[in-house]
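Engineer: After the sequence you'll find the predicted model.
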Amino acid sequence: MNWKPDRRAKKAIYKQLAEYIENGITDGTFPPDKPLPSERYLAKELEINRSTVVAAYNELVSNGLIQRNRGSGTTINKDIWGITKKRIPSWNRYIEAGSFLPNLPVTQRIRKEAVEQKLINLASGELSEDLFPMKYLREITSTRSFIGSLGYDHPQGNEILRNTITKHVRQFRKIDSSPSSILITSGAQQALHLVVQCLLKPGDAVAIEDPSYNYNLPIFKSAGLKPYLLSVGKSGINSNEILSLYKKHRIRMIFLNSAYQNPTGSVLNEHQRKEILEISSEYGIPVVEDDPYSLTSYTGEPVPTLKSMDAHGNVLYISSLSKIVASGLRIGWIIGPRPVIERLSDAKQQIDFGHASFTQWIANDFLESENFHSHMKRLIKELEKRRDQIVTSLRFYLNNQVEFDIPQGGIHIWCKLNKNVDETKLLEESIKRGVIYVPGSTLGSKKGFVRFTFAREDEITINEGIKRFSEAFYSL
Ligand SMILES: Cc1ncc(COP(=O)(O)O)c(C=O)c1O
């Protein structure tokens with residue numbers, strides 16, 4: 001056998017072997033009518049553990065390429081090779097070759113575990129079912145007639161909804177806009193993606209917060225951007241850091257989550273807001289204000305947006321209904337200068353031919369109704385109760401082992417652990433005990449943090465989740 005695994009490569013040896021066999025099946029090195037080499041033979045020949053060969057074969061079995069037969073060894077699956085000897089594509093190589101990067105493995109794991117294992121979910125950044133305004137949304141779909149068209153809608157999104165959003169952002173976020181300066185997107189996430197794809201180019205330096213939701217977003221890396229970090233304190237970032245990043249790296253855009261930041265819960269103070277806008281104007285650096293949370297202030301008084309102070313059109317404002325109505329509606333929007341919005345909406349059209357008309361209709365009628373106000377009042381009260389619960393539980397079960405700032409809005413709490421623990425082990429121990437959260441390293445550069453989201457579970461479950469987390473923590 002000429003092939004040997006590369007022991008210095010980053011790729012696991014079992015993966016290399018699986019790929020080697022897959023390629024061999026494709027190019028005829030391993031003919032379809034002959035058994036594949038035995039596990040023992042491969043282990044000896046390649047000087048690797050037999051369990052590594054088993055892992056490689058298991059991967060090929062799960063891909064449907066080979067099958068194990070009792071008594072007659074491992075053979076190439078007849079269904080895929082067939083009598084015609086058509087070549088099958090090497091899917092693994094395609095999967096790894098795409099320019100759009102996959103999520104971090106730990107992020108994929110958290111999502112999978114949270115859904116499949118039905119764990120206590122202190123990880124997903126969304127509301128629980130009982131916080132969705134289901135009753136009101138049902139009322140809309142059962143008593144009102146659909147106003148939209150079932151054809152492809154306007155590329156910027158339904159005009160009636162854009163009108164309603166214009167009124168909504170004026171009333172709740174003090175932002176002056178017009179329907180023509182709004183693009184409806186599939187959540188805030190699509191708006192961020194469109195900005196990254198359409199307004200920046202590979203190699204561009206951008207400033208993002210540390211920690212932040214953006215910290216490990218593959219969309220930045222996929223676009224070849226160079227992210228530089230702005231540290232987040234109690235009242236957000238410090239504008240001086242923007243200046244020094246600009247001087248060193250000529251940053252081309254600043255990404256901020258200005259209110260009840262994910263994950264720290266911090267709110268950018270007024271002085272910093274003014275300074276940031278001044279720097280933005282003086283050096284011509286656009287600011288992307290990502291604001292899904294400003295309406296979740298527990299006092300009921302929304303935090304002023306950066307965009308409301310933007311006199312010159314330097315800020316692109318992104319928001320969505322995910323954290324205040326329902327993430328499954330996939331309604332978000334971006335507000336900015338018309339040429340920018342037109343550029344982004346052209347791209348959105350190329351990607352998906354515009355937004356689905358049904359959810360736009362539901363979102364519109366809900367935002368316009370009085371029910372939106374009663375829903376927001378209840379939501380804020382509930383979020384505050386859950387915030388109180390998580391603070392009480394953290395103090396009770398972890399006492400001086402954790403430090404945190406108490407968030408005054410939003411759905412996350414960012415905790416510093418006062419003991420040096422192995423992050424991976426802590427996550428594994430927590431999953432074993434049935435609770436999941438987000439390890440700090442997926443959101444920021446500093447070690448020893450965790451993020452808990454308290455909107456997804458009720459108070460009793462939050463308490464149980466923190467109890468189990470503390471057991472995992474003390475077990476290490
Ligand atoms: C700061 C921030 N931006 C954007 C998003 C994306 O949200 P969506 O696309 O559901 O609006 C999230 C979700 O957690 C977030 O926390």
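Structural biologist: Here it is on my side, so go on. Everything numeric here is computed off the predicted structure, so don't read it as measured data.
Engineer: hey, let's count contacts and neighbours off CA atoms from now on
Structural biologist: Will do.
Engineer: Can you name the residues of the stretch 51-200 of the chain sitting close to the ligand?
Structural biologist: Contact residues, the stretch 51-200 of the chain versus the ligand (Cα under 6 Å from any ligand atom): Gly125, Gly187, Ala188, Gln189.
Engineer: In the lengthiest helix in the chain, which residues are buried?
Structural biologist: Taking DSSP state H as the criterion, the chain has its longest helix at helix 371-398. Buried residues in helix 371-398, counted by 16 or more other Cα atoms under 10 Å: 371-372, 375-376, 379-391, 393-394, 397-398.
Engineer: Ok, stretch 153-171 next?
Structural biologist: Within stretch 153-171, the residues that qualify as buried are 153-167, 169, counting by 16+ other Cα under 10 Å.
Engineer: cool, stretch 434-447 as well?
Structural biologist: Those would be Gly434, Val435, Ile436, Tyr437, Val438, Pro439, Gly440, Ser441, Thr442, Leu443, Gly444, Ser445, for stretch 434-447 by 16+ other Cα under 10 Å.
Engineer: Name the member of the residues you listed with the shortest distance to Ile462.
Structural biologist: Nearest to Ile462 among these, counting by Cα to Cα, is Val435 at 9.7 Å.
Engineer: Wait, that closest one touches Gly465, no?
Structural biologist: Yes - contact criterion Cα atoms under 8 Å: Val435 and Gly465 qualify, at 5.6 Å.
Engineer: Tell me where the model's unsure across the protein.
Structural biologist: Applying pLDDT under 70 to the chain flags the ranges 80-88.
Engineer: What residues are recorded as beta-bridge partners of the nearest residue to Gln156 once chain neighbours are set aside?
Structural biologist: Nearest residue to Gln156, sequence neighbours excluded (Cα to Cα, 6 or more residues apart in numbering): Leu183, at 4.6 Å. On the basis of DSSP bridges, Leu183 is bridged to Ile334.
Engineer: Identify the residues contacting Leu183.
Structural biologist: Listed by Cα atoms under 8 Å, 6 or more residues apart in numbering, the contact partners of Leu183 are Gln156, Gly157, Arg162, Trp333, Ile334, Ile335, Ile341, Leu344, Ser345.
Engineer: Relative to the ligand, how far out is the fifth one?
Structural biologist: What it means is Ile334. Ile334 sits at a distance of 11 Å from the ligand (criterion: Cα to the nearest ligand atom, to the nearest Å).
Engineer: Run a quick neighbour tally on that residue.
Structural biologist: By the criterion of other Cα atoms under 10 Å, Ile334 has 27 neighbours.
Engineer: Pull out the buried positions in stretch 7-15.
Structural biologist: Ile13, Tyr14, Lys15.
Engineer: Next step: the residues you listed restricted to helices.
Structural biologist: Of the buried residues of stretch 7-15, the ones assigned to helices by DSSP H are Ile13, Tyr14, Lys15.
Engineer: how about JSON lines for the residues you listed, with distance to Gly203 added?
Structural biologist: Shown next, in JSON lines, are these (distance: Cα to Cα, whole Å):
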{"residue": "Ile13", "distance to Gly203": "32"}
{"residue": "Tyr14", "distance to Gly203": "34"}
{"residue": "Lys15", "distance to Gly203": "31"}
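Engineer: quick one: which of the residues you listed is nearest the ligand?
Structural biologist: Nearest to the ligand among these: Lys15, at 32.5 Å, using Cα to the nearest ligand atom.
Engineer: if I look at the closest residue to the closest one other than its chain neighbours, how far off is the ligand?
Structural biologist: Nearest residue to Lys15, sequence neighbours excluded (Cα to Cα, 6+ apart): Ala56, at 6.2 Å. Distance of Ala56 to the ligand, computed by Cα to the nearest ligand atom: 36 Å.
Engineer: Please name the bridge partners of Asn69.
Structural biologist: Beta-bridge partners of Asn69, as defined by DSSP bridges: Gly73.
Engineer: burial count for it?
Structural biologist: By the criterion of other Cα under 10 Å, Asn69 has 10 neighbours.
Engineer: returning to what we had before: and which of the contacts of Leu183 is nearest to the ligand?
Structural biologist: Top of the list for closeness to the ligand, among the contacts of Leu183 and by Cα to the nearest ligand atom, is Trp333 at 8.6 Å.
Engineer: wait, what's in contact with the closest one?
Structural biologist: Contacts of Trp333 (Cα under 8 Å, 6+ apart): Ile182, Leu183, Ile184, Thr185, Ser186, Gly187, Ala188, Ala191, Ile318, Ser319, Ser320.
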